[in-house]
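Asks: Just need the structure, nothing else, for what follows:
(chains A and B)
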There are 2 protein chains.
Amino acid sequence: MKYGYGVDLGGTTVKMGLFAESGALLDKWEIDTDATNGGVNIPTDIGKAILADMNKHSFAKEDYLGAGIGVPGQLWNDGTADAVNLGWKRFPLLGRLREITGLRWVGDNDANTAAMGEYWQGGGKGYQSLVFVTLGTGVGGGIILDGKCLRGAHRAGGEIGHIPMDPTETRLCGCGNRGCLEQYASATGCARLAMDALAGSDEPSTLRSARKVDARAVWDAAKAGDALALRVADTFCDILARGLAAVTATVDPEVVVIGGGVSRAGQPLLDMTARHYRRYAFNACKDTPIVLAALGNDAGMYGCMANLL
Amino acid sequence: MKYGYGVDLGGTTVKMGLFAESGALLDKWEIDTDATNGGVNIPTDIGKAILADMNKHSFAKEDYLGAGIGVPGQLWNDGTADAVNLGWKRFPLLGRLREITGLRWVGDNDANTAAMGEYWQGGGKGYQSLVFVTLGTGVGGGIILDGKCLRGAHRAGGEIGHIPMDPTETRLCGCGNRGCLEQYASATGCARLAMDALAGSDEPSTLRSARKVDARAVWDAAKAGDALALRVADTFCDILARGLAAVTATVDPEVVVIGGGVSRAGQPLLDMTARHYRRYAFNACKDTPIVLAALGNDAGMYGCMANLL
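Replies: Okay, here's the model as predicted:
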């Protein structure tokens, strides 16, 4: 049996896990992300934590396949990383980690590693190809084909949050374009759809007395039968489904896996999305299953380990 | 030097070529497609033509890499083919061709083989990945990543003609959905956009006296400065560009190659499309080149040969 480390580097914490190659997560812990001084201490902090964990076990050096890392930005072929939130531009991440730990290191961006994790041990386990979508603050994505991540020529493979959905949109997306999928099918987008609906009519809704109109409040109200919230949820799923239909007509995966905070809405979100999806999808893809992610916040760690195999 | 045959099976003719593995097309010819009797004679006709050509050359059997075929439908892993226009449903195509010729046979659908041809020796030569789009009666597509065709779990990889573009569309696409890219960005779609524009106003246009308002007439009039035709051409490119932006945000290829009849409009079509594309595309993909296909009707034959390598 071989072992490896999965390291999911986020803006505030680093999630770290020790895995067996079988897929078992043997141990996991977190350390703080030190984003000061242009993130220069991050490799040292991660490396020390790995070395400390290696000291706790009696495995031989050759029992380790190495370590994988997911970064909130881009990881280039030469092992350098860009990450705006950490102040990294071509930061020599993998090289530093190798120096400190003596292990082999591989890496990718966080959306791709989460997709890989769900492919290996999560909602996409058993499928040969998948499209993974995270519905969080934004909409992220990752595409796995025959076990390999589709990174893309400019590391934009799976950036499905920025598929143009509405050419008439006047508001700006974070990316600078207008009408991206992420402007509607994210947690932020869901809240905005709700605010627009509330502002657009005097229709009674429990959302009007909600402390905060966020995606969770919308879905809770929808599940409780609030008509306005139901319409917002339906619009959310309609737009998401149309985006997914564009993706499946392009890459035709075996399964679509939905994760991220909004996916906690669960089965009602899947059902509504699937109903709209069937209407938009190309014939051959109408029955493509849409399932929930299974690994939650651990998906990235799993994917980092999968990238070592 | 090794040799091989590329066979592009169409509904009315079969285009056949003898290639050197270097990419040189040494000879090409056509035979009629006999679609009678459920297309049962097609393998015999193709096989005989191949054997006759092999007899003309002094190559040894082991000098041949085999033969590749592109079908106007689906080619399954077991070598059987579906093709509505030929009356084929799980027709044992590759097996019959092997029996008759004694050669190794490989196959794929025609859009994928054309994409592969443009990748190998055409507009995408020198790139590692491409999205190929044919603007013909419909909109076809094929995606090549690291030299491999993205076929998809249901053989729908690259079916970008059926990306949903307009949820408000009331007219039906040939596929049964409403608002597919192909309803606007094909030759048929271009003509329809022009008819709608002509019917929607009394604005003078040279198209009003055209014998036939087809895609060619639209682009000829646009190039001659006709204002209405220019607006139609611009709308055509706008919708095409928005579809391409959805595709590049998903698979992020190195290049987009545009072929098919409408691509004969040439540079003005590329320029207009690129201008709209920059507006819709995800940042990392805004500079992805959009180029013309280079092999015309021979692309499929080239791709069939490429599939042997």
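
Asks: unless I'm mixing things up, residue A:53 is touching residue A:26, no?
Replies: No: between residue A:53 and residue A:26 there is no contact under Cβ atoms under 8 Å: 10.0 Å. C-beta here means a position set from N, CA and C on the backbone, and glycine is covered the same way.

Asks: Around residue A:224, how many other residues sit close by?
Replies: 10 (other Cβ atoms under 10 Å in any protein chain shown).

Asks: and the nearest residue to it once chain neighbours are set aside, how many neighbours does it have?
Replies: With Cβ to Cβ, 6 or more residues apart in numbering or on different chains as the criterion, residue A:224 has its nearest non-adjacent residue at 6.9 Å, and that residue is residue A:206. By other Cβ under 10 Å, the residues close to residue A:206 number 16.

Asks: do the same with residue A:22
Replies: 9.

Asks: Kindly report the same for residue A:198.
Replies: 18.

Asks: Report the contact partners of it.
Replies: A:205, A:207, A:208, A:213, A:228 (Cβ atoms under 8 Å, 6 or more residues apart in numbering or on different chains).

Asks: do the same with residue A:264
Replies: residue A:216.

Asks: Narrow the contacts of residue A:198 to those that are buried.
Replies: A:205, A:207, A:213, A:228 (16 or more other Cβ atoms under 10 Å in any protein chain shown).

Asks: Select, from these, the two members most distant in space.
Replies: Within the buried ones among the contacts of residue A:198, A:213 and A:228 form the most distant pair, 10.8 Å apart (Cβ to Cβ).

Asks: What residues sit buried inside stretch A:226-234?
Replies: In stretch A:226-234, counting by 16+ other Cβ under 10 Å, buried: A:226, A:228, A:229, A:230, A:231, A:232, A:233, A:234.

Asks: what's the closest of those to chain B?
Replies: Of all the buried residues of stretch A:226-234, chain B sits closest to residue A:234, with 13.0 Å by Cβ to the nearest Cβ.

Asks: backbone phi and psi for the spatially closest residue to the closest one that is not a sequence neighbour, please?
Replies: Distances taken as Cβ to Cβ, 6+ apart place residue A:272 nearest to residue A:234, at 6.0 Å, with adjacent residues excluded. Here is the backbone geometry of residue A:272 (degrees, to the nearest 10): phi -60, psi -40.

Asks: check contacts around residue A:194.
Replies: Shown in contact with residue A:194 (Cβ under 8 Å, 6+ apart): A:207, A:213, A:217, A:218, A:229, A:232.

Asks: what do you get for residue A:304?
Replies: Residue A:304 neighbours (Cβ under 8 Å, 6+ apart): A:5-8, A:67-70, A:106-108, A:113, A:116-117.

Asks: which residues of the stretch 51-200 of chain A score low on pLDDT?
Replies: Within the stretch 51-200 of chain A, no range satisfies pLDDT under 70.

Asks: what does it have sitting close to chain B?
Replies: Within the stretch 51-200 of chain A, the positions near chain B by Cβ under 8 Å from any Cβ of the partner chain are A:128-129, A:143, A:145, A:150-160, A:162-164, A:167, A:175-177.

Asks: Any quick ChimeraX command for the buried ones out of those residues?
Replies: To isolate the buried subset of those in ChimeraX, counting by 16+ other Cβ under 10 Å, use the following:
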select /A:129,143,145,150,151,152,153,154,155,156,157,158,159,160,162,163,164,175,177
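
Asks: Now, the residues of the stretch 51-200 of chain A next to chain B that are in strands?
Replies: A:129, A:143, A:145 (DSSP state E).

Asks: circling back to that earlier point, in strands, which of the contacts of residue A:194 appear?
Replies: Among the contacts of residue A:194, no member is found in strands (DSSP E).

Asks: In JSON lines, list the residues you listed along with pLDDT and distance to chain B.
Replies: Formatted as JSON lines, these follow (pLDDT from 0 to 100; distance: Cβ to the nearest Cβ, whole Å):
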{"residue": "A:207", "pLDDT": "97", "distance to chain B": "25"}
{"residue": "A:213", "pLDDT": "96", "distance to chain B": "25"}
{"residue": "A:217", "pLDDT": "97", "distance to chain B": "26"}
{"residue": "A:218", "pLDDT": "98", "distance to chain B": "21"}
{"residue": "A:229", "pLDDT": "98", "distance to chain B": "21"}
{"residue": "A:232", "pLDDT": "98", "distance to chain B": "17"}
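
Asks: which one of those is nearest residue B:88?
Replies: Relative to residue B:88, and with distances defined as Cβ to Cβ, the nearest of the contacts of residue A:194 is residue A:232, at 47.3 Å.

Asks: List the residues that contact the closest one.
Replies: A:190, A:193, A:194, A:197, A:218, A:222.

Asks: Let me have those in a markdown table, adding secondary structure as columns.
Replies: Shown next, in a markdown table, are these (DSSP: H, G, I helix; E, B strand; the rest coil):
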| residue | secondary structure |
| --- | --- |
| A:190 | helix |
| A:193 | helix |
| A:194 | helix |
| A:197 | helix |
| A:218 | helix |
| A:222 | helix |
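
Asks: Out of these, flag the one nearest to chain B.
Replies: residue A:193 (15.1 Å).

Asks: Isn't the residue nearest to residue A:224 up against residue A:218?
Replies: No: the pair residue A:206 and residue A:218 fails to qualify as a contact (Cβ under 8 Å) at a distance of 10.4 Å.

Asks: Mind listing the shared neighbours of those two?
Replies: residue A:229.

Asks: Could you pull out the strands in chain A for me?
Replies: Applying DSSP E to chain A gives strands spanning A:3-9, A:13-20, A:25-32, A:64-71, A:74-75, A:81-83, A:88-91, A:105-109, A:129-135, A:139-145, A:148-149, A:255-259, A:290-292.

Asks: Report the angle between the longest helix along chain A and strand A:255-259.
Replies: In chain A, taking DSSP state H as the definition, the longest helix is helix A:227-251. Taking axes from the mean of the first three to the mean of the last three Cα atoms, to 10 degrees, helix A:227-251 and strand A:255-259 form an angle of 140 degrees between their directions.

Asks: Against residue A:31, how distant is residue A:44?
Replies: Computed as Cβ to Cβ, to the nearest Å, the residue A:44 to residue A:31 distance reads 11 Å.

Asks: How about residue A:281?
Replies: 43 Å.

Asks: again with residue A:216
Replies: Applying Cβ to Cβ to residue A:216 and residue A:31 gives a distance of 29 Å.

Asks: give me every residue that touches the residue in the stretch 101-250 of chain A positioned nearest to chain B.
Replies: For the stretch 101-250 of chain A, the residue closest to chain B is residue A:152, as judged by Cβ to the nearest Cβ, at 2.6 Å. Residue A:152 makes contacts with A:158, A:159, B:129, B:251, B:252, B:253, B:284, as judged by Cβ under 8 Å, 6+ apart.

Asks: Return the closest of these with respect to residue A:38.
Replies: Residue A:38 lies nearest to residue B:284 out of these, by Cβ to Cβ, at 22.8 Å.

Asks: Let me see the contact set for residue A:99.
Replies: residue A:47.

Asks: 7 Å instead, please
Replies: Contact partners of residue A:99, counting by Cβ atoms under 7 Å, 6 or more residues apart in numbering or on different chains, are absent.

Asks: Quick check on the residue sitting furthest away from the middle of chain A: phi, psi?
Replies: Distance from the C-alpha centroid of chain A peaks at residue A:202, with 36.5 Å (Cα atoms, centre = their mean). For residue A:202, the backbone dihedrals are phi -100, psi 10 (criterion: degrees, to the nearest 10).

Asks: And the pLDDT at it?
Replies: The per-residue pLDDT reported for residue A:202 equals 95.

Asks: tell me the domain ranges of chain A?
Replies: Following automatic domain parsing, one finds the domains of chain A at A:3-116+A:298-306, A:126-293.

Asks: Which of the ones you listed has the highest mean neighbour count?
Replies: domain A:126-293 (a mean of 21; mean count of other Cβ atoms under 10 Å in any protein chain shown).
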